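Chemist: need a 3D model of the following:
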Amino acid sequence: MYGVKRIWPWLLLWGIVDLLCALFCEIHADEAYYRLYGQFLAWGYFDHPPMVGLMTAVSAALVPATSLILKNLSVRLVTVLLHVGTVWVLWKAVQSTELWKFLLVAASIPMFCAYGFLTTPDAPLLFFAALFFYAYRRYLTDRSWSATVLLGLSMAGMMYSKYIAALVIAFAVLGNWRIVKEGRFWAAVGIALALLTPHIAWQFQHGWPSLVHQWSDRALGYQPLYTLEFIPNQLAVFNPFVWALMLWLGAKAILSKDAFQRSLGCVIWGLQVFFFIMTFRGHVEPHWTVAATVPAIILLTESELMDRKWLRASLAVFVGLILIARVILMLNILPASTGLAHKQEQCEQLHEQAQGLPIVFDGSFQRPSLYRFFYNDEAVRVRQPNERMNHYDLLHLEDALMGQPVCIMRSDTVRFVDALTKEDLDD
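Modeler: Okay, here's the model as predicted:
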């Protein structure tokens, strides 16, 4: 924990860059879906724990959505603030006096930077993962009760953010398995479990939908492409230099005599190996390993490798590429097929087709969520027999539309009904 005061101007600059992206980068379909979470606050959701829903709810409460860019911020404000906190806490977790090394590494990792303005469960996961490793390092130093409590809070925060947090905790313990003999470690676990009780109760009351979804619904069967795309996807998440070096440093850390270093290495390699194995049962999203960016930043910042000019130059190139990508996203000039631009125009067409009536969609959560975001109009999603569930199926928003005139949009048809019935939804 060195040079903390010197980081404040850089945190301000980092926050301003994220704020500009939050204002001008078009909303992603997933973010519109998580906005729905915030409109119906609960202790759990079908796909994820409740932290991201709380973030969108607080953002909406703080920002009046009087224009499109402010509407973006009404989903993303907490994310921007939280990411600044992530960078700060992560710097406190690093034992280095050379701030420029830390900033260069962190700013060169594409997905770490992306979650500075995109509101997804990964944004709070990164914050609480940084807090976890900060607290864990403190705990290993002094075994104080303050570190113990902070460790418990960080574990609960990670689990409330994304279930992948369980892997982070498990692999960290694997790197220092003797910690399970310590009473204060179990006190931290007890604090985390106590804080998680409302969410566990919600899962029980709803038949454990998130566990069923994450373990069963995502098991799509093996396709060679799932395995072949894993490494290219990881190169995109971390950047090729950070990915290769974190594996090298992680392997060395696993063999270290230092318990904290071993835990860092086990989390890095554990996440990579676990999700590589998961490619044999279904598609693995590239960002599922993003929590490994936290130990990667710590290891690389503290490594002597950062004294190599070629590495510093290579990372600086990626910092520049990421800044260029941010500008391109803010200009909204990418093709609509990328899913990163022109969604508002698509929703305008839907609005004209619906003629002001509420819309009933089939298919995924994306179209109704985006439509609700851009127009604040009533839009629901009804699942067909061959479609997987999502949180719309737990909300049953279509019940409020029964007996009302609506527009029903199937994948290739548009139909108007004067009074919605259950038969209309089943057709």
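
Chemist: give me the nearest residue to Y392, chain neighbours excluded.
Modeler: R381 (4.1 Å; C-beta to C-beta, 6 or more residues apart in numbering). Glycine gets a C-beta too; all of them are placed from N, C-alpha and C.

Chemist: that neighbour pairs with what?
Modeler: Beta bridges link R381 to F361 when assigned by DSSP bridges.

Chemist: measure it to L370 for me?
Modeler: Taking C-beta to C-beta, to the nearest Å as the measure, R381 falls 11 Å from L370.

Chemist: same question, G15
Modeler: Distance, G15 to L370, using C-beta to C-beta: 27 Å.

Chemist: more neighbours: which of those two?
Modeler: L370 (24 against 18; other C-beta atoms under 10 Å).

Chemist: what sits against the spatially most central residue of the chain?
Modeler: Nearest residue to the geometric centre of the chain (C-alpha atoms, centre = their mean): D122, 1.7 Å. By C-beta atoms under 8 Å, 6 or more residues apart in numbering, the contact list for D122 reads 111, 115, 161-162, 287, 290-291.

Chemist: ok, which pair from those residues is furthest apart?
Modeler: For those, the farthest-apart pair by C-beta to C-beta is M111 and S161; their separation is 15.1 Å.

Chemist: run through the stretch 201-350 of the chain and note the low-pLDDT ranges.
Modeler: For the stretch 201-350 of the chain, residues meeting the criterion pLDDT under 70 lie at 216-220.

Chemist: quick one, domains of this protein?
Modeler: Per the record, the chain has its domains at 5-331, 343-426, by automatic domain parsing.

Chemist: out of those, flag the one nearest S337.
Modeler: Checking the domains of the chain against S337 by C-beta to C-beta gives domain 343-426 as the closest, at 11.2 Å.

Chemist: do me a favour and get the end-to-end distance for the closest one?
Modeler: Domain 343-426 stretches 28 Å from its first residue to its last (C-alpha to C-alpha, to the nearest Å).

Chemist: any idea how far it is from the middle of the chain?
Modeler: 26 Å (C-alpha atoms, centre = their mean, to the nearest Å).

Chemist: equivalent analysis for stretch 141-158, please.
Modeler: 22 Å.

Chemist: any buried residues in that stretch, and which?
Modeler: Residues 147-158 are the ones in stretch 141-158 that count as buried (16 or more other C-beta atoms under 10 Å).

Chemist: cool, stretch 323-337 as well?
Modeler: 326, 329.

Chemist: which other residues reach it?
Modeler: Residues from elsewhere that reach stretch 323-337 (C-beta under 8 Å, 6+ apart): 17, 20-21, 24-26, 110, 113, 340-343, 345-346.

Chemist: what would those residues look like in TSV with distance to Y222, neighbour count and secondary structure?
Modeler: Below are those laid out as TSV (distance: C-beta to C-beta, whole Å; neighbours: other C-beta atoms under 10 Å; DSSP: H, G, I helix; E, B strand; the rest coil):
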residue	distance to Y222	neighbour count	secondary structure
V17	41	18	helix
L20	42	16	helix
C21	37	22	helix
F24	41	17	helix
C25	35	24	coil
E26	35	18	coil
P110	28	20	helix
C113	33	24	helix
L340	29	17	coil
A341	33	18	coil
H342	35	16	coil
K343	33	22	helix
E345	38	11	helix
Q346	34	14	helix
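
Chemist: now the two most distant members of those residues.
Modeler: Farthest-apart pair in the contacts of stretch 323-337 is V17 and Q346; separation 28.0 Å (C-beta to C-beta).

Chemist: so which of the buried residues of stretch 141-158 are in helices?
Modeler: Counted as lying in helices by DSSP state H, out of those, are 147-158.

Chemist: mind listing the helices for the stretch 201-350 of the chain?
Modeler: According to DSSP state H, counting those that start in this stretch, the stretch 201-350 of the chain carries its helices in the segments 209-212, 224-228, 230-238, 240-254, 259-278, 293-302, 309-331, 343-354.

Chemist: ramachandran coordinates for the closest residue to F238 other than its chain neighbours?
Modeler: Once flanking residues are discounted, F238 sits nearest to I109: 5.7 Å by C-beta to C-beta, 6+ apart. As for I109, its main-chain torsions (degrees, to the nearest 10) stand at phi -100, psi 110.

Chemist: and I109, how far from N233?
Modeler: With C-beta to C-beta as the criterion, I109 and N233 are 14 Å apart.

Chemist: who has more neighbours, the two?
Modeler: I109 (25 against 18).

Chemist: so that one touches N239, yeah?
Modeler: Yes: counting by C-beta atoms under 8 Å, I109 touches N239, with 6.1 Å between them.

Chemist: quick one: common contacting residues for the two?
Modeler: Jointly contacting I109 and N239 under the rule C-beta under 8 Å, 6+ apart are F318.

Chemist: now the ones in helices among the buried residues of stretch 141-158 in a markdown table, with distance to E302 and pLDDT?
Modeler: Converted to a markdown table, these look like this (distance: C-beta to C-beta, whole Å; pLDDT from 0 to 100):
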| residue | distance to E302 | pLDDT |
| --- | --- | --- |
| A147 | 20 | 97 |
| T148 | 24 | 97 |
| V149 | 26 | 98 |
| L150 | 21 | 98 |
| L151 | 21 | 98 |
| G152 | 26 | 98 |
| L153 | 25 | 98 |
| S154 | 20 | 98 |
| M155 | 23 | 98 |
| A156 | 27 | 98 |
| G157 | 24 | 98 |
| M158 | 22 | 98 |
